[in-house]
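Trainee: Okay, predicted coordinates and the sequence, questions at the end:
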Amino acid sequence: MDYKKKYKNALGMAEEIIRYYKEHNRGDEAAIEDLEEIFPELGKSEDERISKCVKYAIDKLFLKEKIVCDVRKDDVLAWLENQGEHKATDKVEPKFHEGDWIIDKQGIVHQIEKVIENVTNNTFAYDLVGGGYFNEEVKSCRLWTIDDAKDGDVLVDVYGNIGIFQKNDDFDWSSYCSLGSNGGFRCFAIEHELDGSHPATKEQRDTLFKAMTEAGYEWDDDKKESKLLISNGGDFESDDSEQKPTWSDEDENFMYDTLGNLTELKDRYGEGYGRVGKCIDWLKSLKERLS
């Protein structure tokens, strides 16, 4: 559609209408009504139309009596005129919203599950995830930020990685260990983006520690480290045990494949390439040390 042409034609029609009403001494109000047909944005809003109708009804109601139901007509009209102002300035917004993580004055972290509005007195109540709610107490709460994270807290970053918080700087935060969004457990530290990170839910914490156990680790909260558990006939023992880990068939297969790849690199580029020769010697010594 050629909107430029359509708008030009509309202006031409408007000029004709104005000229016609001036020549025939018709009132401006009639001209305005016709112009509203051409330019709908000039028309009265729904609120204005309803307000005009209500005022008309009020005039009819107070036609014979100045006071109806102990209310004066002027008071009714004054209240009606103020409604637009109330809508614009008196609307109270909730301090927090569903899903927000907040911290109370005791330093305890909560998540907002539901915001409940009391339209009678323009107040809000907040149901919390896991039970409980805030009413007046919410005034002393504030939004949780990454600066509130403590060593050992479990956080989730913007990509869905669940990690045990270690530290943060101006650019990112580091985890002692983490569970990737793909379900893979990492026993080593990685960096996470600050933006979008927040505390983990109970379900997310449980998922991380379950994956940690399945990967053969357990979390030592005092030492702030993930400790390797050692297989022993299907049971797991702490790595404080004197018993050494056993060499499995899977270890043997990985060893065979890795040695083959390294030997190929050695034959192609020489023993000094990436310290290939020393890597081969180190891998061969692993089996002897662990058996």
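Mentor: Received it, and whenever you're ready, just let me know what you need.
Trainee: Is residue 59 in a helix, a strand, or coil?
Mentor: Secondary structure, DSSP: H, G, I helix; E, B strand; the rest coil: residue 59 is helix.
Trainee: Now do residue 115: how many residues are near it, please.
Mentor: 16 (other Cβ atoms under 10 Å). To be clear about C-beta, it is placed using only N, CA and C from the backbone, and glycine gets the same treatment.
Trainee: Can you tell me the closest non-neighbouring residue to residue 168?
Mentor: Distance criterion Cβ to Cβ, 6 or more residues apart in numbering; nearest residue to residue 168, sequence neighbours excluded, is residue 146 at 5.8 Å.
Trainee: Next up, identify which helix or strand residue 191 is on.
Mentor: strand 190-193 (DSSP states H and E).
Trainee: Following element in sequence after that strand, please.
Mentor: Next along the chain after strand 190-193, with elements defined by DSSP H and E, is strand 198-199.
Trainee: From the chain's centroid, how far away is stretch 259-278?
Mentor: How far stretch 259-278 lies from its chain's middle: 49 Å, per Cα atoms, centre = their mean, to the nearest Å.
Trainee: now swap in stretch 174-193 and tell me
Mentor: Worked out by Cα atoms, centre = their mean, stretch 174-193 lies 20 Å from the chain centre.
Trainee: ditto for stretch 197-216
Mentor: The answer for stretch 197-216 is 19 Å, by Cα atoms, centre = their mean.
Trainee: what's the weakest-modelled helix or strand in this protein?
Mentor: When the helices and strands of the chain are scored by mean pLDDT, DSSP states H and E, strand 235-237 comes last with a mean of 41.
Trainee: all strands of the stretch 51-200 of the chain, in order?
Mentor: 67-68, 71-72, 101-103, 109-118, 123-128, 133-134, 142-143, 154-156, 162-168, 172-179, 185-186, 190-193, 198-199 (DSSP state E, counting those that start in this stretch).
Trainee: Redo these as CSV? Include mean pLDDT and distance to residue 283.
Mentor: Shown next, in CSV, are the strands of the stretch 51-200 of the chain (pLDDT from 0 to 100; distance: least, Cβ to Cβ, whole Å):
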stretch, mean pLDDT, distance to residue 283
strand 67-68, 69, 98
strand 71-72, 73, 94
strand 101-103, 94, 46
strand 109-118, 92, 46
strand 123-128, 92, 53
strand 133-134, 90, 58
strand 142-143, 93, 51
strand 154-156, 96, 35
strand 162-168, 90, 30
strand 172-179, 92, 25
strand 185-186, 88, 22
strand 190-193, 90, 25
strand 198-199, 96, 42
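Trainee: Ok, which of those comes nearest residue 284?
Mentor: Minimum separation from residue 284 across the strands of the stretch 51-200 of the chain (Cβ to Cβ) falls at strand 185-186, 27.4 Å.
Trainee: Could you list the paired strands of the closest one along with their orientation?
Mentor: According to DSSP bridges, strand 185-186 forms sheet pairs with strand 172-179 (antiparallel).
Trainee: Can you show me the CA trace of the strand it pairs with as PDB?
Mentor: Output of strand 172-179 as PDB, limited to C-alpha atoms (Å, rounded to 0.1, in the frame of the first residue of the first chain):
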ATOM      1  CA  ASP A 172      33.200 -13.300  35.800                       C
ATOM      2  CA  TRP A 173      33.000 -15.700  38.700                       C
ATOM      3  CA  SER A 174      34.800 -19.000  39.100                       C
ATOM      4  CA  SER A 175      33.400 -22.400  40.300                       C
ATOM      5  CA  TYR A 176      35.200 -25.100  42.200                       C
ATOM      6  CA  CYS A 177      33.300 -27.600  40.200                       C
ATOM      7  CA  SER A 178      30.200 -27.500  38.100                       C
ATOM      8  CA  LEU A 179      27.500 -29.400  36.100                       C
END
